[in-house]
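Chemist: 3D model of this:
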Amino acid sequence: MRFLLGVLVGYSMRGKKKLLITVLATVAFIVYIILPAIALLALRLDVQHERQSRPAQTRVPSLKGLSYENAETKLHKGYEEKFHTDFLPLISDR
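Modeler: A predicted model of the protein is given here:
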C-alpha cells in the first residue's frame with residue numbers, strides 16, 4: 001500500500017501521466033476500501049445466519065438447596081409446561 005501511495009503521490013506532484021494516476025487511485029480504492037467492505041458485509045451476514053440457525057437455548061431452573069424429590073418434581077413440572085404432556089417416563093421405569 002505504501003508503494004502504491006508513493007507512486008500515486010509522486011506522479012500527482014509532477015502532474016504527469018494523469019491516466020496512470022487515475023488508474024492507480026481507482027485500483028487503490030477498490031483494493032483497500034471496496035473489497036474489505038464487501039468481505040466484512042459477507043462475514044456479518046454469515047455470522048447472522050449462523051446465529052439464527054442455532055437452536056433456542058434451554059433454561060434450567062435453579063435446583064440448589066432443594067431435596068432430590070423436590071428438585072425432581074420441579075424439573076418434571078418444567079418439562080410438562082414446555083412440552084404440554086402428561087406422560088413422563090421416570091428414570092426407574094427404564
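
Chemist: what's the distance between the most centrally placed residue in the chain and Gly10?
Modeler: Geometric centre of the chain, nearest residue: Val47, 2.8 Å, by C-alpha atoms, centre = their mean. Note on Val47: its distance to Gly10, by C-beta to C-beta, to the nearest Å, is 41 Å. Yep, even glycine has a C-beta here, placed from its N, CA and C like the rest.

Chemist: ok, Ser67 next?
Modeler: Distance of Ser67 to Gly10, computed by C-beta to C-beta: 82 Å.

Chemist: now do Lys74
Modeler: Lys74 is 75 Å from Gly10, by C-beta to C-beta.

Chemist: please identify which of those two sits among more neighbours.
Modeler: More crowded of Lys74 and Gly10, by other C-beta atoms under 10 Å: Lys74, with 14 against 11.

Chemist: list the buried ones in stretch 5-25?
Modeler: Within stretch 5-25, the residues scored as buried using 16 or more other C-beta atoms under 10 Å are 8, 11, 21, 24.
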